[in-house]
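K.L.:
take a look and give me a structure for this.
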Amino acid sequence: MTVEEQLANGVVRYIDRRDGEMKVEAIYGERPLRWVYGNPLGRLALWLFIRRWIVSAWYSRRMNAVKSVLRIRPFIEQYGLDEGEFAEPVDECNSFNEFFYRKLKPGARPVDPATDSVVFPADGRHLAFCDITGESNFFIKGQSFDLVQFLGDADLAKRYEGGSMLLSRLCPVDYHRFHFPCAGEAGIPRFINGWLYSVNPIALITRPSIFWENKRVVTAIESPALGQVQFVEIGATMVGSIRQTYMPGETVAKGEEKGYFAFGGSSVAVLFEKGRVEFDADLLENTVNGLETYAHVGERMGQALGQG
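P.N.:
Sure thing, here's the model as predicted:
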């Protein structure tokens with residue numbers, strides 16, 4: 001079953017890994033999102049204005065304004081966020097954006113300790129594909145994944161033919177820092193310019209190509225256990241920026257912070273060479289059923305299979 005078929009009744013469902021229950025996503029800005037991607041006038045506005053960087057930059061400035069702090073408390077209450085996880089008191093935030101890319105307390109996101117485990121790179125809703133170049137139902141029936149366009153490099157894409165990909169979607173309500181899924185040496189980030197469409201499934205079922213049309217940042221990780229891994233941050237509507245906090249060229253630990261997104265929904269993709277990783281069974285089963293799996297950064301998503 002595809003994500004499109006799961007959305008036939010108009011709601012976004014996912015499986016919460018913490019209790020195994022199917023839940024309905026509370027979508028931030030749902031009404032305008034549905035208008036933009038489901039109404040002819042909305043789609044015209046999307047084409048002319050909304051997908052362009054200047055709109056997201058304008059909204060980002062609003063989220064950086066001092067008066068934006070008034071949005072924080074209602075946001076926490078509406079979406080039931082756990083303030084006990086926050087590294088700093090909310091009252092110390094100088095803008096909504098500071099709250100949005102907040103840090104968490106040490107230990108709030110434990111990293112799976114198994115030496116052969118690979119972990120989720122972010123809090124969010126995840127899909128796993130064992131053979132991304134062979135995928136024929138990417139969000140909708142008959143849709144393949146354009147790896148060449150996604151990576152912006154035909155030669156690099158050949159290296160990942162038949163490889164696996166984890167796709168992690170972060171909603172505005174999620175913790176918005178992303179972390180390394182494995183240990184290794186992280187290279188220099190490479191920027192690919194693009195549009196800023198929404199990455200919510202409501203938008204994706206109308207245009208799955210969003211993932212290789214939106215702006216992206218690609219970083220190679222040389223991992224002893226997994227070979228070369230590509231870590232890709234994908235911008236989206238209202239995302240002010242993608243910021244890196246790691247030092248290129250240095251060895252990083254599994255679960256170590258890599259960077260963060262400023263305001264907005266966004267996604268992270270992790271690409272593995274063929275035969276390098278085995279995803280957990282529940283993650284694969286949910287993906288086949290067109291359902292994302294909600295899990296936290298640092299939790300196990302699969303197992304490294306060693307050298308190919």
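
K.L.:
what packs against the helix or strand hosting Ile54?
P.N.:
Assigned by DSSP states H and E, Ile54 falls within helix 53-64. Applying 3 or more CB pairs under 8 Å, 6 or more residues apart in numbering; DSSP states H and E, one finds that helix 53-64 makes contact with helix 96-100. Using the backbone N, CA and C atoms, a C-beta is placed for each residue, glycine as well.

K.L.:
state the mean pLDDT of whichever helix or strand comes after the helix it packs on.
P.N.:
Next helix or strand after helix 96-100 toward the C-terminus (DSSP H and E): strand 117-119. Averaged across strand 117-119, the pLDDT comes to 98.

K.L.:
can you list the weak-confidence ranges in the stretch 151-300 of the chain?
P.N.:
239-240, 264-265 (pLDDT under 70).

K.L.:
bridging residues for the residue nearest the centre of the chain?
P.N.:
By CA atoms, centre = their mean, the chain has its centre lying nearest to Ser267, at 2.2 Å. With DSSP bridges as the criterion, Ser267 is bridged to Arg169, Ile234.

K.L.:
ditto for Val229
P.N.:
Counting by DSSP bridges, Val229 is bridged to Ile221.

K.L.:
any idea how far it is from Phe75?
P.N.:
34 Å (CB to CB, to the nearest Å).

K.L.:
among these two, which residue is more densely surrounded?
P.N.:
Comparing Val229 with Phe75 by neighbour count (other CB atoms under 10 Å), the higher total belongs to Val229, at 25 against 16.

K.L.:
so who does that one touch?
P.N.:
Residues near Val229 by CB atoms under 8 Å, 6 or more residues apart in numbering: Pro181, Cys182, Gly184, Ala220, Ile221, Ser223, Val270, Leu271, Phe272, Glu273, Arg276.

K.L.:
out of these, which are inside helices?
P.N.:
If you go by DSSP state H, the contacts of Val229 have nothing in helices.

K.L.:
and these, which is closest to Glu250?
P.N.:
Nearest to Glu250 out of those is Gly184 (CB to CB; 10.3 Å).

K.L.:
touching, that closest one and Ile221? I think so.
P.N.:
Yes - Gly184 is within contact range of Ile221, at 4.4 Å (criterion: CB atoms under 8 Å).

K.L.:
overlap in contacts, the two.
P.N.:
Counting by CB under 8 Å, 6+ apart, the residues touching both Gly184 and Ile221 are Val229, Val252.

K.L.:
if we can go back for a sec, most neighbours, which of the contacts of Val229?
P.N.:
Greatest neighbour count in the contacts of Val229, by other CB under 10 Å, goes to Pro181: 31 neighbours.

K.L.:
next up, the contacts around that one.
P.N.:
Residues near Pro181 by CB under 8 Å, 6+ apart: Val118, Val119, Phe120, Pro121, Leu166, Val229, Phe231, Lys254, Val270, Met301.

K.L.:
the nearest residue to it once chain neighbours are set aside - how many residues pack around it?
P.N.:
In this structure, Pro181 finds its nearest non-sequential neighbour in Pro121, 4.7 Å apart by CB to CB, 6 or more residues apart in numbering. Pro121 is flanked by 26 other residues according to other CB under 10 Å.

K.L.:
ok so Pro121 is a helix residue?
P.N.:
No - the assignment for Pro121, made by DSSP: H, G, I helix; E, B strand; the rest coil, is coil rather than a helix.

K.L.:
phi first, then psi, for it.
P.N.:
Note on Pro121: its backbone torsions stand at phi -80, psi -10 [degrees, to the nearest 10].

K.L.:
and what of Asn94?
P.N.:
phi -90, psi -10.

K.L.:
my guess is it contacts Ser68. True?
P.N.:
No - Asn94 is not in contact with Ser68 according to CB under 8 Å; the separation is 9.2 Å.

K.L.:
more crowded one of these two?
P.N.:
Ser68 (20 against 12).

K.L.:
tell me how far the more buried one lies from Pro121.
P.N.:
Distance of Ser68 to Pro121, given as CB to CB: 28 Å.

K.L.:
and the nearest residue to Phe96 once chain neighbours are set aside, what pLDDT?
P.N.:
Leaving out its chain neighbours, the residue that sits closest to Phe96 by CB to CB, 6+ apart is Ser68, at 3.8 Å. At Ser68, the predicted lDDT confidence score is 95.
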